[in-house]
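Asks: Sequence and computational prediction follow.
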Amino acid sequence: MCNSANLHFVYVLASLLLISGDIETNPSPLNSSQGIQGVVSILHLNIRSIRHKLSFIFETLSDNAMLCFAESHLDERVTDTHLLSECSSFNLYRRDVTAHSSGIVVYVSNGLLCQGRLDIELTTVQSLWLELRYKYTCFLLCTTYRPPKSRVAVWDDFIVRIERAMEVNLNSVVVGDLSENLLNNNNTIIIIIILFYSTILIMLLKNRRESQQHPLH
């Protein structure tokens, strides 16, 4: 059980490691024998409706191999053709919810072999799992979004999917917006997930405060 004292200890320990000057601040989950050969860049952003921001995205962000967006705000009326109208060097993957909330869009460079992994996904968790191959390496990429005030059971489902991904491929990367503030000691489940799965996952979390939200418009 993680109580407040334990969490403060974790924060202090992490701070001491960082100020020591010789600790990697964002270590790869892959060791040298398993690691991805070369550099593959991944960008994640809470886009808060993507349909009218395509020009901005591909003018400023297209040097990344993978572009992952939460809160895409799309439905079937927005076609794949429209979402690919500003680029020709990416493949599109999407999970729509409604035109006014949620949703995930991922653009993957044509230089990467990619396929969806529906077998890892759950309908109760907003996520999009992809299997990618680059040179001699295969890895999983998950883009996830947890709306504010989601039911508590979502965390259990999220952990189930992580463990399922571990069974498929230990080379896994998770990016997303979990709508949580890591500085809040009550969010013990976030700390547990990061600590327990940190050896195999890179988790890029957008730590949102309920009273101060500044999405891209």
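Replies: Structure received. Numbering: from 1, shown residues only.
Asks: in what helix or strand does the spatially most central residue of the chain lie?
Replies: When CA atoms, centre = their mean is applied to the chain, the residue found nearest the centroid is residue 175 (1.4 Å). In the assignment (DSSP states H and E), residue 175 maps to strand 172-180.
Asks: And the very next helix or strand once past that strand, what does it pack against?
Replies: With elements assigned by DSSP H and E, the helix or strand that comes after strand 172-180 is helix 188-197. Secondary-structure packing of helix 188-197 (3 or more CB pairs under 8 Å, 6 or more residues apart in numbering; DSSP states H and E): helix 4-19, helix 153-168, strand 203-207. Glycine gets a C-beta too; all of them are placed from N, C-alpha and C.
Asks: mind redoing it with 10 Å?
Replies: Here helix 188-197 touches helix 4-19, helix 153-168, strand 172-180, strand 203-207, going by 3 or more CB pairs under 10 Å, 6 or more residues apart in numbering; DSSP states H and E.
Asks: now the angle from the strand holding residue 175 to helix 188-197?
Replies: 170 degrees (axes from the mean of the first three to the mean of the last three CA atoms, to 10 degrees).
Asks: how far is strand 172-180 from where the chain is centred?
Replies: How far strand 172-180 lies from its chain's middle: 4 Å, per CA atoms, centre = their mean, to the nearest Å.
Asks: now the angle between helix 153-168 and it, please.
Replies: If you take the same axes, to 10 degrees, strand 172-180 sits at 170 degrees to helix 153-168.
Asks: With just CA atoms, put strand 172-180 into PDB.
Replies: Only the C-alpha atoms of strand 172-180 are listed here, as PDB (Å, rounded to 0.1, in the frame of the first residue of the first chain):
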ATOM      1  CA  SER A 172       6.500  -1.500 -25.500                       C
ATOM      2  CA  VAL A 173       5.900   2.300 -25.400                       C
ATOM      3  CA  VAL A 174       2.900   4.000 -23.800                       C
ATOM      4  CA  VAL A 175       2.100   7.600 -24.400                       C
ATOM      5  CA  GLY A 176      -1.100   9.400 -23.500                       C
ATOM      6  CA  ASP A 177      -3.100  11.800 -21.400                       C
ATOM      7  CA  LEU A 178      -4.400  10.300 -18.200                       C
ATOM      8  CA  SER A 179      -5.900  13.500 -16.900                       C
ATOM      9  CA  GLU A 180      -4.200  13.200 -13.500                       C
END
